[in-house]
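Colleague: no sequence on this one, just coordinates:
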């Protein structure tokens with residue numbers, strides 16, 4: 001759905017940023033060029049490590 005929307009509206013997902021905190025976000029995070037896991041749940045943390053996505057802890061900010 002995200003990919004189709006981007007194609008229909010001229011968005012370049014490889015240049016897009018995405019932020020997620022739950023493994024439920026992993027499917028669309030995998031479609032953007034710059035994915036970030038922010039205060040992720042454990043399953044997303046594992047996916048982020050495997051996918052080499054930055055992991056942010058915004059609770060400290």
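Modeller: Received, thanks. Keep in mind that this is a model prediction, so the values were computed, not measured.

Colleague: Tell me how far stretch 26-44 lies from the chain's centre.
Modeller: Its chain's C-alpha centre lies 3 Å from the corresponding centre of stretch 26-44 when counted by Cα atoms, centre = their mean, to the nearest Å.

Colleague: Name the residues that touch it?
Modeller: Stretch 26-44 is contacted by residues 2-3, 12-23, 25, 45, 47-48, 51, 53-59 when judged by Cβ atoms under 8 Å, 6 or more residues apart in numbering. Glycine gets a C-beta too; all of them are placed from N, C-alpha and C.

Colleague: now with 10 Å?
Modeller: Stretch 26-44 has contacts (Cβ atoms under 10 Å, 6 or more residues apart in numbering) with 1-3, 6, 11-25, 45-49, 51-60.

Colleague: Give me the buried positions along it.
Modeller: Residues 26, 29, 32, 35, 36, 37, 38, 39, 40, 44 are the ones in stretch 26-44 that count as buried (16 or more other Cβ atoms under 10 Å).
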